[in-house]
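Peer 1: fold the stuff below for me.
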Amino acid sequence: MKKEDTLGLSLIETIKSSELPEIGQDITEVALDSLLNDGALKDIPIISTIVGTSKTIRAIRDYFLIRKIWSFLQGIKGIGKKEKSKFIKDMKGDKKHSREVGEKLIMLLDRLDDLSKPEMIAKLFKAHLKNKITLNDFFRFSSIIERVFINDLTGLLKLLDDDIVHNGHPYTERLYHLGLSEIIFDDSIYQKIENGMDSITLERGPTFARSNVFHKPIQFKLSEVAYVLAQILLEKKIYGYDFVAEYRNKREFRKE
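Peer 2: Numbering: from 1, shown residues only. Modelled structure (predicted):
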């Protein structure tokens with residue numbers, strides 16, 4: 001079997017393992033080669049599969065992929081066997097499905113453009129192992145993290161972490177294409193107020209051209225997915241409300 005055909009299964013086997021080694025240092029390029037030759041990383045299935053028999057990093061892409069995989073594995077390290085049990089059972093019962101899930105995970109991690117994102121993916125995966133979100137939800141939310149500009153996401157998370165309600169901040173508009181916000185149409189300036197005419201026709205109130213106040217009839221608000229994702233990544237309720245539980249209850253009601 002070719003190396004690329006075994007990567008998916010190797011990652012699943014690594015996730016299923018109960019313990020990961022302690023390396024006690026950041027993975028730099030020099031340290032990584034050393035750890036592969038004589039250290040703690042040499043026996044981890046997914047990493048040994050990537051580097052093959054040479055036990056050395058042969059490409060920058062391999063180096064960063066290993067760093068991202070290692071960060072992801074460290075992020076799920078605290079999950080116990082009990083929480084992993086259903087996942088292990090599902091993966092053990094269907095080798096083809098196990099390989100496909102592992103391959104999708106590797107391709108996802110490989111595409112990440114920021115080294116903070118694997119930690120976020122790990123938090124989503126932990127939420128899946130704890131049965132808070134489905135596997136499909138995990139890949140859906142992970143796709144958002146993959147495509148988002150990291151500063152927009154971290155900026156949004158900081159605002160929500162402060163527990164202060166913000167209306168109209170720029171992140172809502174910039175995150176619309178990812179499904180993290182929704183459009184609200186404010187038609188108040190078009191409401192008829194006199195003789196069947198609206199305020200614009202009567203030249204009253206704010207207008208697009210004449211007013212010092214720029215009124216936007218199209219506005220944005222955060223979507224349910226945004227709050228669910230933020231709660232998982234921040235590992236806390238947003239505004240004291242459990243959006244993840246509500247999302248899970250809706251899913252169970254729909255029997256998804």
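Peer 1: please count neighbours and contacts with C-alpha atoms only from this point.
Peer 2: Fine.
Peer 1: tell me where the stretch 1-150 of the chain has helices.
Peer 2: Per DSSP state H, counting those that start in this stretch, the stretch 1-150 of the chain carries helices over the ranges 3-16, 29-37, 45-51, 60-75, 81-93, 95-111, 117-129, 135-147, 150-161.
Peer 1: what is the neighbour count of Lys123?
Peer 2: For Lys123, the count of nearby residues is 21 (other Cα atoms under 10 Å).
Peer 1: nope, Gly179 is what I meant
Peer 2: 15.
Peer 1: how near is it to Leu65?
Peer 2: Using Cα to Cα, to the nearest Å, Gly179 is found at 27 Å from Leu65.
Peer 1: can I get the helices of the stretch 1-150 of the chain in TSV including mean pLDDT and distance to Ile238?
Peer 2: Below are these laid out as TSV (pLDDT from 0 to 100; distance: least, Cα to Cα, whole Å):
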stretch	mean pLDDT	distance to Ile238
helix 3-16	76	29
helix 29-37	56	38
helix 45-51	73	36
helix 60-75	84	22
helix 81-93	79	24
helix 95-111	91	27
helix 117-129	96	16
helix 135-147	96	17
helix 150-161	92	7
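Peer 1: out of those, deepest packed?
Peer 2: helix 117-129 (a mean of 23; mean count of other Cα atoms under 10 Å).
Peer 1: counting by contacts, list what it packs against.
Peer 2: With contacts taken as 3 or more Cα pairs under 8 Å, 6 or more residues apart in numbering; DSSP states H and E, helix 117-129 sits against helix 60-75, helix 81-93, helix 135-147, helix 224-234.
Peer 1: so which of those helices is nearest Pro45?
Peer 2: Closest approach to Pro45 among those (Cα to Cα): helix 60-75, 11.6 Å.
Peer 1: may I have that closest one exported as CSV, CA atoms only?
Peer 2: Taking C-alpha atoms only, helix 60-75 is exported to CSV below (Å, rounded to 0.1, in the frame of the first residue of the first chain):
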residue,chain,number,x,y,z
ILE,A,60,9.0,22.6,3.8
ARG,A,61,5.5,21.3,3.3
ASP,A,62,6.2,18.2,5.3
TYR,A,63,7.7,20.2,8.1
PHE,A,64,4.7,22.5,8.4
LEU,A,65,2.2,19.6,8.0
ILE,A,66,3.9,17.8,10.8
ARG,A,67,3.8,20.9,13.0
LYS,A,68,0.0,21.3,12.2
ILE,A,69,-0.7,17.6,12.9
TRP,A,70,1.3,17.7,16.2
SER,A,71,-0.6,20.9,17.3
PHE,A,72,-3.9,19.2,16.5
LEU,A,73,-2.9,16.0,18.4
GLN,A,74,-1.8,18.1,21.4
GLY,A,75,-5.1,19.9,21.4
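Peer 1: between helix 95-111 and that helix, find me the angle.
Peer 2: With axes from the mean of the first three to the mean of the last three Cα atoms, to 10 degrees applied, the angle from helix 60-75 to helix 95-111 works out at 110 degrees.
Peer 1: and helix 60-75, what does it pack against?
Peer 2: By 3+ Cα pairs under 8 Å, 6+ apart, helix 60-75 packs against helix 45-51, helix 95-111, helix 117-129.
Peer 1: would TSV of these with distance to Val148 be doable?
Peer 2: Below are those laid out as TSV (distance: least, Cα to Cα, whole Å):
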stretch	distance to Val148
helix 45-51	27
helix 95-111	12
helix 117-129	10
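Peer 1: of the ones you listed, which approaches Asp162 most closely?
Peer 2: Nearest to Asp162, of these and by Cα to Cα, is helix 117-129 at 18.9 Å.
Peer 1: that closest one vs helix 81-93, what angle?
Peer 2: Here helix 117-129 runs at an angle of 90 degrees relative to helix 81-93 (the same axes, to 10 degrees).
Peer 1: kind regards, and thank you for your time.
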